[in-house]
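no FASTA, just this:
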């Protein structure tokens, strides 16, 4: 049957409008402004922006995702500041014509909302071709609390549309299957976030298992697809910088950053109606509240499910391999330390090699997201297949209205944060004229002792970014442990010998002051307290343009004088080893 022109136009327009409206309702228009960085000034978004700024203004590297200006020796890549490599690669060629202050994260968020609506629309189309049902169902996917909650700080992880795309490729009729589609979504996921890549990859492998189980392709054909896609995605990961941190991919936290068994029903502040359920520590990463609207829809479908009229059980049998994958995701999300409410139980103690492997994806609670969306789709499936079209539309309408209105309890706070007064600069405590003069003399800003997420990292990194300097004052998701240890040893040697890199300005922790003062060449180097920070400026006193600094420290400022009659205690101490 031919479709009218209205139906042809309505198809792509409906999810597009839905996504745009949801974006402006939840996020607001200010985050979309490329020169507005006010909403990126705190928490994780600050390193997202800083990483992108250093990357955009640095020379090209190979692999292209390396970002040495933001980390120096700490083997950083754009991936590990969570700066969305996909858009970082897209905008880097235009760095010379872009404004000095530029952020693309608002563009990313708008794309996420639109594509979330688009693939929600496509998923519901597997159940019903009715435009109203598809639009209402897509709305439930767009107002998914786990996706919107990520706006608090993990901006790349808002890309849940990649999970929906993978589910759509997995569930659509087999004759429409395309290796190119899987390659695309896997490559995009790799350039968005490692957690999204892992989930999408598992769904793709599940699809290959289905193909083999149904004998739709030979083992040779499946093997060729497997080898080809793994090679392509592996090359993408290499260029993005996945392998730039050595053994630093594995960290700690598995069994802590998990999902609570009550997560799907625990609003955690995202409902005006439902009360919060107590949680154990760390369960916030497993936030997977369905939303009162989806719960309402599930209650509408419950009688149909009990009566056996929905066909859900038959559909599940046809996709048993998907159920196996979803079960595995759920178990991994729950971890080996199960939490129910505020109670915690260690079910099994993992051997160290297995624990190290699990710690690559330590925030395991996130891995429930594909299961979450299958639950939403199942609720829609039961209502649409169990009731008349008119009744299904009414129930979906009620569910969507309830979902949007009730979850506003959570996302209204997100909106307030993202709608901060627009600014193209962050406030900085570094107001002394010293900093401007130092920026003319030095090419790097270093923190002693080197470390990830060190004190004042944002202040120093922002200072370095504004003056086109490099810095090791960073906040990264993963870091090369051997590179960090080497950097620390170099810092120890520098402080103990008073030998500093002439092109580097050092900001030191107060605990290092005594060691630094004893070895300092006070004829040439400056040790001073400027705007509350202790700085070592190598060679400062050699340059006529470098004025005397009011905060210069003397030995008596650090080592108090000894008075007559005062008791002195002696103890043996080796050279400074702060770490």
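Structure's in. What do you need? Just so you know, these numbers come straight off a predicted model, no measurement behind them. Numbering: from 1, shown residues only.

quick one: residues contacting the residue nearest the centre of the chain.
Nearest to the mean C-alpha position of the chain, by C-alpha atoms, centre = their mean, lies residue 154 at 3.8 Å. Listed by C-beta atoms under 8 Å, 6 or more residues apart in numbering, the contact partners of residue 154 are 44, 82. Where you see a C-beta, it was placed from the backbone N, CA and C, and this is true even at glycine.

which stretches of this protein have low pLDDT?
For the chain, applying pLDDT under 70 flags the ranges 1-11, 175, 544-546, 559-579.

which element follows the helix ranked longest in it toward the C-terminus?
The residue-count maximum for a helix in the chain (DSSP state H) belongs to helix 389-418. Counting by DSSP states H and E, the element after helix 389-418 in chain order, helix or strand, is helix 434-441.

what packs against the longest helix of the chain?
helix 5-26, helix 131-142, helix 145-149, helix 292-307, helix 369-386 (3 or more C-beta pairs under 8 Å, 6 or more residues apart in numbering; DSSP states H and E).

give me that answer again for 10 Å
helix 5-26, helix 105-125, helix 131-142, helix 145-149, helix 292-307, helix 369-386 (3 or more C-beta pairs under 10 Å, 6 or more residues apart in numbering; DSSP states H and E).

mind checking which of those helices is nearest residue 202?
Evaluated over these, closeness to residue 202 peaks at helix 369-386, with 7.8 Å, by C-beta to C-beta.

can you give me the domain boundaries for the chain?
Domain ranges of the chain: 5-28+107-159+245-412, 161-244, 434-558, per automatic domain parsing.

to residue 69, which of the ones you listed lies closest?
Of all these, domain 434-558 comes closest under C-beta to C-beta, at 4.5 Å.

quick one: distance of the closest one to the chain centre.
30 Å (C-alpha atoms, centre = their mean, to the nearest Å).

try stretch 415-432
21 Å.

phi, psi of the nearest residue to residue 174 once chain neighbours are set aside?
Leaving out its chain neighbours, the residue that sits closest to residue 174 by C-beta to C-beta, 6 or more residues apart in numbering is residue 216, at 5.7 Å. Main-chain torsions, residue 216, degrees, to the nearest 10: phi -80, psi -20.

residue contacts, residue 216?
For residue 216, the contact set (C-beta atoms under 10 Å, 6 or more residues apart in numbering) comprises 174, 175, 177, 210, 222.

would you mind measuring from the residue nearest to the centre of the chain to residue 347?
28 Å (C-beta to C-beta, to the nearest Å).

try residue 131
Distance from residue 131 to residue 347, by C-beta to C-beta: 47 Å.

check residue 413 too.
35 Å.

ok, those two, which is more surrounded?
For residue 413 versus residue 347, the count of surrounding residues by other C-beta atoms under 10 Å is larger for residue 413: 14 against 11.

what residues are up against the more buried one?
151, 152, 269, 270.

if I look at it, how far off is residue 285?
Residue 413 is 18 Å from residue 285, by C-beta to C-beta.

I'd say residue 139 and residue 17 touch.
No: between residue 139 and residue 17 there is no contact under C-beta atoms under 10 Å: 11.1 Å.

overlap in contacts of the two?
residue 117.

of these two, which one has the most company?
residue 139 (26 against 14).

mind jotting down where the helices sit in the stretch 51-200 of the chain?
Taking DSSP state H, counting those that start in this stretch, the helices of the stretch 51-200 of the chain run over residues 85-91, 105-125, 131-142, 145-149, 161-171, 179-192, 194-213.

reformat those as JSON lines; add distance to residue 311.
Output for these, formatted as JSON lines (distance: least, C-beta to C-beta, whole Å):
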{"stretch": "helix 85-91", "distance to residue 311": "38"}
{"stretch": "helix 105-125", "distance to residue 311": "16"}
{"stretch": "helix 131-142", "distance to residue 311": "16"}
{"stretch": "helix 145-149", "distance to residue 311": "27"}
{"stretch": "helix 161-171", "distance to residue 311": "14"}
{"stretch": "helix 179-192", "distance to residue 311": "27"}
{"stretch": "helix 194-213", "distance to residue 311": "19"}
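
these: which one's closest to residue 280?
Each of those has some distance to residue 280 by C-beta to C-beta; the shortest is helix 145-149, at 18.1 Å.

list the helices and strands that closest one packs on?
helix 5-26, helix 105-125, helix 161-171, helix 369-386, helix 389-418.

and of the ones you listed, who's closest to residue 452?
Using C-beta to C-beta, the nearest of the helices and strands packed on helix 145-149 to residue 452 is helix 105-125, at 21.8 Å.

follow-up on the earlier one: out of the helices and strands packed on helix 145-149, which comes closest to residue 82?
helix 105-125 (10.3 Å).

for that closest one, what is the distance to the chain centroid?
18 Å.

now do that helix against helix 369-386, angle only.
40 degrees (axes from the mean of the first three to the mean of the last three C-alpha atoms, to 10 degrees).

and helix 105-125 with helix 161-171, angle?
Using the same axes, to 10 degrees, helix 105-125 lies at 20 degrees relative to helix 161-171.

go through helix 105-125 and flag the buried ones.
Going by neighbour count (16 or more other C-beta atoms under 10 Å), the buried part of helix 105-125 is 105-125.

please consider this matter closed, and thank you.
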